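> After the sequence you'll find the predicted model.
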Amino acid sequence: MPSSSSSRRRRGGRRGRRGRNAPTAPAAADETETRNWAELPLDAISAVLHKLDHVDILMGAGQVCRSWRGAARDEPELWRRINILGHADLEHELNFPGMAQAAVRRSAGRCEAFWGEYTADHDFLLYLADQAPSLKSLRLISCYDVFDDGLTEAIMKFPLLEELELSLCPNVDDSGVFGVIGKACPQLKRFRLSKNVFFDYEAGDQEKDEEAMGIATMHELRSLQLFSNSLTNKGLTAILDNCHHLESLDIRHCFNVTMDDALRAKCARISTLRLPNDSTDDYDFIVKSPIWRNSESFLGDYVGSDSDYELGSDDYDDYCDPSRYLDGVYEDELNDEARMILRGMCMLIK
């Protein structure tokens, strides 16, 4: 039987080994060090912000604390290429033109690219023209408040522009604008003009080709997309004859163009060619069916699909009577003097 002293030594040895090899107990939860994001160095904060969407910066990340707000506001490099695309679902919740102006202001005159959806109006375009003299890329999508006069005035101040997109901007419809662009932006290499839908309206070829003739003055173009445009063979020929550097041409849904042998020969030098009836599977906007003259969709969408009146009926004639819209009243609602004035105005209108 072993002695009690040896037994105590063995137990003591085991206790000693456990004491030397036992892992360190984890620190209590309330002793764990927390990271203070406000104390991150400026270059680290800037690196994080550069990976974020500009809308996210304006609405969230740039409001974290004073140091993050300062980095988002005072770092012009962060705003050199402004991208406010991909937030169409927030159109009615956010002031996109105001956000766009704040982004341009933060660029401190160094903005080289502005891409915006629902962001531009007349005032913003003029502000951008004054604040971004080195702008090289301008993409405007679904900017319903951009009109010919504002775009014409602004575009004159972008002599370095190399890329321009005007997609789903229905109020840019004066053909003279495109000739101005061609002269004011001699370095323009990429132009995209995407319409909402091809509309087979009745007009002469000259009117249908007015936009194309303006585009033909953009002599340095490498890439051109005209979606649902009204141009005809004559307009396309003018573009091909004057834009000798074209490498990519997309005229899908331009159904007034008929690719005859002469046009195919002119297009032979173009490496990427998309024709009117080519697939639109890779098109990045909603593709609408063309509106053909004398079709039901033409009469419905462009004469008044919401009207309860049948064309040619007495009710329709009454609905279209100009007198109905003169102060919103009918003749029998007027006194004798007003009725005489109304009749005189109707005679002038007719």
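Received, thanks.
> Ramachandran angles for the closest residue to residue 156 other than its chain neighbours?
Nearest residue to residue 156, sequence neighbours excluded (Cβ to Cβ, 6 or more residues apart in numbering): residue 184, at 4.9 Å. (Each C-beta comes from the backbone N, C-alpha and C, glycine too.) Backbone dihedrals for residue 184, given as degrees, to the nearest 10, come out at phi -80, psi -20.
> can you check residue 264 too?
Per-residue torsions, residue 264: phi -60, psi -40 (degrees, to the nearest 10).
> how far away is residue 237 from residue 229?
14 Å (Cβ to Cβ, to the nearest Å).
> now do residue 294
Taking Cβ to Cβ, one finds residue 294 at 21 Å from residue 229.
> what about the two, which has more around it?
Neighbour tally, residue 294 and residue 229, criterion other Cβ atoms under 10 Å: the higher count belongs to residue 229, 26 against 8.
> for the nearest residue to that one once chain neighbours are set aside, what are its contacts?
Excluding the flanking residues, the one nearest residue 229 by Cβ to Cβ, 6+ apart is residue 254, at 4.8 Å. The contact partners of residue 254, taken as Cβ atoms under 8 Å, 6 or more residues apart in numbering, are 198, 226-231, 236, 276.
> Of these, which belong to helices?
Among the contacts of residue 254, the members found in helices (DSSP state H) are residue 236.
> which among the contacts of residue 254 gets closest to residue 50?
residue 227 (32.6 Å; Cβ to Cβ).
> for the closest one, what are its contacts?
167, 193-195, 250-254, 283, 285.
> Mind listing the residues bridging to it?
Note on residue 227: beta-bridge partners residue 194, judged by DSSP bridges.
> Can we start the residue count at 747 from this point?
I'll keep to 747 as the first residue from here, and by that count the last item is residue 973.
> ok, of the contacts of residue 973, which come out buried?
913, 939-941, 996-1000, 1029 (16 or more other Cβ atoms under 10 Å).
> can you redo those residues as CSV with distance to residue 958 and pLDDT?
Shown next, in CSV, are these (distance: Cβ to Cβ, whole Å; pLDDT from 0 to 100):
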residue, distance to residue 958, pLDDT
913, 17, 97
939, 10, 98
940, 15, 97
941, 13, 96
996, 14, 98
997, 10, 98
998, 15, 98
999, 15, 98
1000, 10, 98
1029, 20, 97
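> could I get those as CSV with distance to residue 855?
Listed next are these as CSV, based on distance: Cβ to Cβ, whole Å:
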residue, distance to residue 855
913, 27
939, 29
940, 30
941, 34
996, 34
997, 38
998, 38
999, 39
1000, 39
1029, 36
